[in-house]
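K.L.:
Pasted the sequence and its predicted model underneath.
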Amino acid sequence: MMDDAAVFSVLSKCFGSVEKDEWKQMTRSAAWAEFMDGVRRLLQDGTRFGKQASLIECMHVRVPMQEFLSANEVDELFCPPLFDEKQGFAARHFTGGLPQSAIPVESLYTDWNTPDNVNPLIGKQKGLYLGASARYMRALIEQLGLEVPAEYADCPDHLALELDLVAVLLRSGMDAEARQFVAERFDWLTDYRLKLLKLDDDARFYISLVDVILGICAEQRAESESDQTA
């Protein structure tokens, strides 16, 4: 059974770079079905975020995925793209400076500045790299004793890196920190989803993944609010 950290690791690789053999192994029938079951668990069972489910818990009847996603989205998720299809989409849309760019970097969809860190020459513009979210991610990664990978040096708030950080936190036993990170970090994905919807290309697989992440975030927020009122 795939644990929560592994689910976030797979989500990270969907938006980041991955070798062909790894993608083929990750998306083979049995492995991808395990990932989808992990997604279903996270969408349905927010109280177990970051924890291994018991055998008895695994045996109870689960709500169909269509309760959280549209039927079309479920179909898309159960049919991940081939490696060449993934690479082609990334080349067209996950590369900066192209007319159809839809790069999953938080700074591009949020205000560049924060109230306590304002550059008067920039103000509250969006669409710029290395904004407040990038500075936050870089500081957090360094605080954990890690380094930003070279390929993300100019965008430490890339979605692939944010998702991978959740996996790192969970594997380090920092469940509460992972839960807080998920509940707070991904609001920008609503704007990114709109960007994907405007593409003159088939982005349904990635839109479905974004909806999965937003659904997991909603579960964690609901669980956090429940804990605060208990």
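P.N.:
Looks like it arrived, so ask away. Residues are numbered from 1 along each chain as shown.

K.L.:
How far does stretch 129-140 sit from its chain's centre?
P.N.:
16 Å (CA atoms, centre = their mean, to the nearest Å).

K.L.:
can you start the count at 26 instead of 1 from here on
P.N.:
I'll keep to 26 as the first residue from here, and by that count the last item is stretch 154-165.

K.L.:
Average pLDDT for it, rounded please.
P.N.:
Mean pLDDT, stretch 154-165: 91.

K.L.:
Can you point out the buried residues in it?
P.N.:
For stretch 154-165, the neighbour count (16 or more other CB atoms under 10 Å) marks L155, G156, A157, S158, A159, M162, R163, L165 as buried. All C-beta spots, glycine's among them, are computed from the backbone N, C-alpha and C.

K.L.:
from those, which single one is nearest D216?
P.N.:
S158 (12.4 Å; CB to CB).

K.L.:
wait, is that closest one part of a helix?
P.N.:
Yes - counting by DSSP: H, G, I helix; E, B strand; the rest coil, S158 falls inside a helix.

K.L.:
Against R246, how distant is it?
P.N.:
Distance of S158 to R246, computed by CB to CB, to the nearest Å: 18 Å.

K.L.:
The longest helix anywhere in the chain - contacts with which helices or strands?
P.N.:
Taking DSSP state H as the criterion, the chain has its longest helix at helix 229-254. In this structure, helix 229-254 packs against helix 29-40, helix 54-69, helix 96-102, helix 200-210, helix 214-222, with contacts taken as 3 or more CB pairs under 8 Å, 6 or more residues apart in numbering; DSSP states H and E.

K.L.:
what's the model's confidence in it, averaged?
P.N.:
Here helix 229-254 scores 82 as its mean pLDDT.

K.L.:
ok, now stretch 103-122?
P.N.:
On average, stretch 103-122 scores 94.

K.L.:
Pull out the buried positions in it.
P.N.:
P105, P106, F108, K111, Q112, F114, A115, R117, H118, F119.
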